[in-house]
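Participant: sequence and predicted structure are below.
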Amino acid sequence: MDFEPSEEQQMLIDQVRRFVREEIRPLEDKLDPDASELEPADHARLVEKTKAMGLFGIDIPKEYGGPDIDIVTRVLLAIEMAQHRAGLYVPCYGTFGGAGLAQIFEANDDQKERYLYPTLRGEKKAFFGLTEPSGGSDPARAIQTRAERKDNGWVLNGAKIFISNADRAQYGIVFARTDSSKGRAGITCFIIDSDTPGFHVRRVVHTLRSSHYATELEFKDCWVSDHQVLGEVNKGFAVANDRLTRQRIPYAAGCIGVAIAAHEMAIEWAKMRSTFGEKLSHRQAVQWMLVDNEIDIRTAKHFTLEAAEKARRGLPFRIEASIAKLTASEGGGRVVDRAMQIHGGMGMTKDLPLERWYREMRIRRVGEGPSEVQRMVIAREILGSNLR
Amino acid sequence: MLRLRLDKPWQPLSAEVVARLPGQLGVYQIADAKGAVLYIGQAGARSPFGLRSELQREASERGTGCQFRVEVNQQYRSRWFELLMVHKADHGSLPPDNEKNPPPNLGRFSPS
């Protein structure tokens, strides 16, 4: 496979690169180092710019009004969008739009009118409620939130944890057990409005990531009608699994973007900084760290583009997505770590973005399926389904 | 688990008291003499001496008659949002001095 960007792709890459360097990074100089929001006026102004660029709602399919950009190109652009301080979790502060995991394309017509279209227009925000205190890596078994039939609807009881955006969203998609005897075939996906009685956002879950935080939710006799079932009853696991697999590719792209930005900083610093009468870049110990960075980045980029290319062609890409997520999150962490080492004391400070990237990149080895689960997925694929 | 609400004892907001504060990052509350919270703030990494800088500024701007309490917290950003949301859930509105310039996209809480 040839992953050299086409002329058209390179034009888009350059456009987004300029946007990040000329619009996003200067604003960040004035924000708190852990900020994940722009001032509303700045956000609105930049959204107008991304719309003028024809790139707003970049991950929305053409039939829903998106700009019709294939997934390989979207990966190349996602790598660019992540190359700033907040870029790993809030690429370009959301000014390119999109709804991520909460895009409910499998919704029926009524649900699309009430939820999907307003979300795509940027009028509603949504959250993705899968992980529970009992576990997140094995949702088929870990989901203990129950939904029981009552009055032509369902009553939900249970808890979710590590849920981003739930306190700010108007609705969320929530996975609950509707048949306790059927494992993964007993899970249903519901659309829950945030103002539904019995739905509670209980607290912020404080982690290494101080901004774009996660929350803990509780469902206490939370009744929803049959109209709130997304897809079919007891087929919610497929909804979750499909999203999680697809999400691994842009997730990997974000890690690569940050790794590239950290690597560029390390190269610049090594060429500039002298110790004991010699530039850091002349020292083999530093050169080898930079070489290892280059290898980690190229490896992750290759595997991520390979996964995207398979997805673009409509081929199975589950194993490729896991390899991409694994190499990008683990390699990205190593790159940021080496970049900090090369920067010495300055690398540890909040004056530079490395410190934030280091904390946030650590989460990437666990989020969206930890490295061990990715290895398990790959092992199943290469050894056969009897391992399941 | 962290306590959801800041419930340390109040201290007088004076130059002498805040001069003894650590230069660390964290969150703080300012209250009137009766203990009604007027403002919830954060000492982020742009503050030269963290909580000490922020509270020195508050003391000089507010004069006498106020109280304060602090929490040293590296996750000052998420903790600040949390304290604002808890206050809004408990009192129906943000503290008066936060209401003047509320953070964008503040979420909703129903703490137990």
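Facilitator: Yep, it's here.

Participant: where along chain B do the strands fall?
Facilitator: Secondary structure of chain B by DSSP state E: the strands cover B:11-12, B:26-31, B:37-43, B:67-72.

Participant: quick one: the second one to chain centroid distance?
Facilitator: Distance, stretch centre to chain centre, for strand B:26-31: 2 Å (C-alpha atoms, centre = their mean, to the nearest Å).

Participant: host element of A:V335?
Facilitator: helix A:318-343 (DSSP states H and E).

Participant: oh, that last question was meant for A:G57, not what I typed.
Facilitator: Using DSSP H and E, no helix or strand contains A:G57.

Participant: what residues are up against it?
Facilitator: A:65-67, A:96-98, A:120 (C-beta atoms under 8 Å, 6 or more residues apart in numbering or on different chains). For glycine as for every other residue, the C-beta is placed from the backbone atoms N, C-alpha and C.

Participant: could you pull out the strands for the stretch 101-250 of chain A?
Facilitator: For the stretch 101-250 of chain A, strands defined by DSSP state E, counting those that start in this stretch occupy the ranges A:126-129, A:146-150, A:153-164, A:171-177, A:187-193, A:199-205, A:214-225, A:229-230.

Participant: who in chain B is up against chain A?
Facilitator: Contact residues, chain B versus chain A (C-beta under 8 Å from any C-beta of the partner chain): B:2, B:4, B:42, B:44-46, B:74-79, B:81-82, B:85, B:103-112.

Participant: which bits of chain A sit near chain B?
Facilitator: So chain A meets chain B at A:32-37, A:39-40, A:43, A:166-168, A:194, A:200-204, A:206-207, A:209-211, A:213, A:215, A:218, A:350-351 (C-beta under 8 Å from any C-beta).

Participant: any buried residues in the helix holding A:V335, and which?
Facilitator: A:318-340, A:342-343 (16 or more other C-beta atoms under 10 Å in any protein chain shown).

Participant: what sits up against the following helix or strand past that helix?
Facilitator: Counting by DSSP H and E, the next helix or strand C-terminal to helix A:318-343 is helix A:354-364. The set of residues external to helix A:354-364 that reach it, using C-beta under 8 Å, 6+ apart, is A:33-34, A:85-86, A:88-89, A:207-209, A:251, A:254-255, A:258, A:261-262, A:265, A:328-329, A:332-333, A:336-337, A:339-340, A:343, A:347-350.

Participant: for chain B, give me the ranges with low pLDDT.
Facilitator: B:1 (pLDDT under 70).

Participant: and the helices in chain B?
Facilitator: B:15-18, B:50-62, B:76-91, B:96-99 (DSSP state H).

Participant: need those in CSV (columns: mean neighbour count).
Facilitator: Below are those laid out as CSV (neighbours: other C-beta atoms under 10 Å in any protein chain shown):
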stretch, mean neighbour count
helix B:15-18, 14
helix B:50-62, 18
helix B:76-91, 21
helix B:96-99, 15
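
Participant: format those helices as CSV; extra columns: distance to A:V155.
Facilitator: Converted to CSV, the helices of chain B look like this (distance: least, C-beta to C-beta, whole Å):
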stretch, distance to A:V155
helix B:15-18, 51
helix B:50-62, 46
helix B:76-91, 24
helix B:96-99, 37
